[in-house]
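Engineer: My questions concern the predicted model and sequence given below.
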Amino acid sequence: MRMRRMAAALALLGGLAGVLPAVAQEAWPNRPLRLVVGFPAGGPTDIPARIIAEKLRGQFSQPVVVENRSGAGGRIALDHVLAQPRDGHTLLVCTYIDALNSMSASRPYALGEMAPISQITRAYYALVVPNGLPAANVAEFVALAKARAEGMAFGHVGPASMPNLVARMFEGAAGVSMVEVPYRGTPPVLQDLIAGRLQLFVGPLVNTMPLAQAGQVRAIGVTSPQRLAVAPEVPTLVEQGMELVAFGWLGICGGAGTPPAVVRRMNELVVAAVASPEYRTAVEGTGAAAVSSTPAELERLMQDTVTQYGAVIRRFNIPMD
């Protein structure tokens, strides 16, 4: 009898051993899950986040909310997420800017402080010029720039923004000298470009291509490796003899120390959300591509971002603070 009771007890313990890990996993999330966005609502960073949040809501009994904490080039959102418990309840819509923020002189942090989950978008850029500039392609623009004593003026929306970084990369690859003109946002840059007060803007397709297709500006190249479906008439820089490919990206990240099981589960859910027709349609409408990844692939992308654009930042002494 005693031996039978011991055998029954051991059998029960063995059964619990298989149940306990499942119970632990089911405990997450046990409160609302937040996706923190470092930019204002309604923008190209916010829109993908809201679609993914909507897809996640159907998977959890807890609410999934998008929280906008804009300012300081995404640093306010990044700092907030890293200051929260690393339990997978507060996640960041991370961007290429967050990777570059690791180069800040006054507020540096290590890339290893983030736990990559998945990439969610990839966005290429168009080089646009005013209609009054007699340059129909990159070669003609470069010839004009070399002949112009005062230099071509390009607009950008922040020191380490992609419009600034890619314009500097173009400047270096073309062997020309240009004058930067900073702005607080894309609309005033485009207004001055249309008016001819600027000679170049490297801008997101969602902003530049409607104007180009309406005949208000001229697109002379895109930064993608192949021509884009949203702008099939615009040749790439590579086609025009310039080995320059550049893109911005968005992803989902947690803080380092987020439980591996949470990272794996979130990766599965985010990859499924990115593959959905609703997400792809919305993202492609902004001129970007819906792209997912493994956590390891996003980690490499973050490191590659610092390597590629960090070299530009150092070469042109671009301030990171």
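Structural biologist: Done, it's in. Numbering: from 1, shown residues only.
Engineer: Just the CA trace of whichever strand or helix holds Asn164, in CSV.
Structural biologist: Using DSSP states H and E, Asn164 sits in helix 162-174. Presented in CSV, the C-alpha positions along helix 162-174 are these (Å, rounded to 0.1, in the frame of the first residue of the first chain):
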residue,chain,number,x,y,z
MET,A,162,17.8,59.3,-43.2
PRO,A,163,17.3,62.4,-45.4
ASN,A,164,20.5,63.8,-44.0
LEU,A,165,22.6,60.6,-43.9
VAL,A,166,21.7,59.5,-47.5
ALA,A,167,22.3,63.0,-48.8
ARG,A,168,25.8,62.9,-47.3
MET,A,169,26.4,59.4,-48.6
PHE,A,170,25.4,60.7,-52.1
GLU,A,171,27.7,63.7,-51.7
GLY,A,172,30.6,61.5,-50.9
ALA,A,173,29.9,59.0,-53.6
ALA,A,174,29.4,61.7,-56.2
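Engineer: Please identify the nearest residue in space to Ala153, excluding sequence neighbours.
Structural biologist: Nearest residue to Ala153 in three dimensions, chain neighbours excluded: Val179, at 4.7 Å (Cβ to Cβ, 6 or more residues apart in numbering). C-betas here are computed from N, CA, C, even on glycine.
Engineer: swap in Thr90?
Structural biologist: Residue nearest to Thr90 in three dimensions, not counting chain neighbours: Gln84, with 4.1 Å by Cβ to Cβ, 6+ apart.
Engineer: how many other residues sit next to the one you found?
Structural biologist: 15 (other Cβ atoms under 10 Å).
Engineer: Distance check, it against Thr186.
Structural biologist: Gln84 sits 31 Å away from Thr186, going by Cβ to Cβ, to the nearest Å.
Engineer: Which stretches in the protein count as strands?
Structural biologist: For the chain, the strands defined by DSSP state E cover 33-37, 64-68, 90-95, 114-123, 125-130, 152-156, 178-182, 200-204, 217-222, 248-255, 288-290.
Engineer: In terms of residue numbering, what are the domains of the protein?
Structural biologist: Annotated domains of the chain cover 32-122+249-315, 125-222 [automatic domain parsing].
Engineer: gap between the residue nearest to Ala153 and Gln199?
Structural biologist: For Val179 relative to Gln199 (Cβ to Cβ), the value is 9 Å.
Engineer: Could you do Ala219 as well?
Structural biologist: Distance of Ala219 to Gln199, computed by Cβ to Cβ: 14 Å.
Engineer: try Gly175
Structural biologist: In this view, Gly175 and Gln199 are 16 Å apart by Cβ to Cβ.
Engineer: same question, Val176
Structural biologist: Val176 is 11 Å from Gln199, where distance means Cβ to Cβ.
Engineer: hang on, Arg315 packs against Gly172?
Structural biologist: Yes - using Cβ atoms under 8 Å, Arg315 is in contact with Gly172, at 6.8 Å.
Engineer: mind checking which helix or strand of this structure has the lowest mean pLDDT?
Structural biologist: helix 2-26 (a mean of 44; mean pLDDT, DSSP states H and E).
Engineer: Out of Val179 and Gln199, name the residue with the larger neighbour count.
Structural biologist: Shown here are Val179 and Gln199; by other Cβ under 10 Å, Gln199 has more neighbours (22 against 11).
Engineer: Beta-bridge partners for the closest residue in space to the more buried one that isn't next to it in sequence, please?
Structural biologist: Leaving aside its sequence neighbours, Gln199 sits nearest to Met152 (Cβ to Cβ, 6+ apart; 4.1 Å). Taking DSSP bridges, one obtains Met178 as the residues bridged to Met152.
Engineer: that older thread, wait, the residue nearest to Ala153 touches Ala149, no?
Structural biologist: No - judged on Cβ under 8 Å, Val179 makes no contact with Ala149 at a distance of 11.7 Å.
Engineer: just to revisit the earlier point, contacts only, for the residue nearest to Ala153.
Structural biologist: 150-154 (Cβ atoms under 8 Å, 6 or more residues apart in numbering).
Engineer: Taking those residues, please make a ChimeraX selection of just the buried ones.
Structural biologist: This is the ChimeraX syntax for the buried subset of the contacts of Val179, where burial follows 16 or more other Cβ atoms under 10 Å:
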select :152,153,154
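Engineer: so which of the contacts of Val179 comes closest to Pro134?
Structural biologist: Within these, the smallest distance to Pro134 is 12.8 Å, found for Met152 (Cβ to Cβ).
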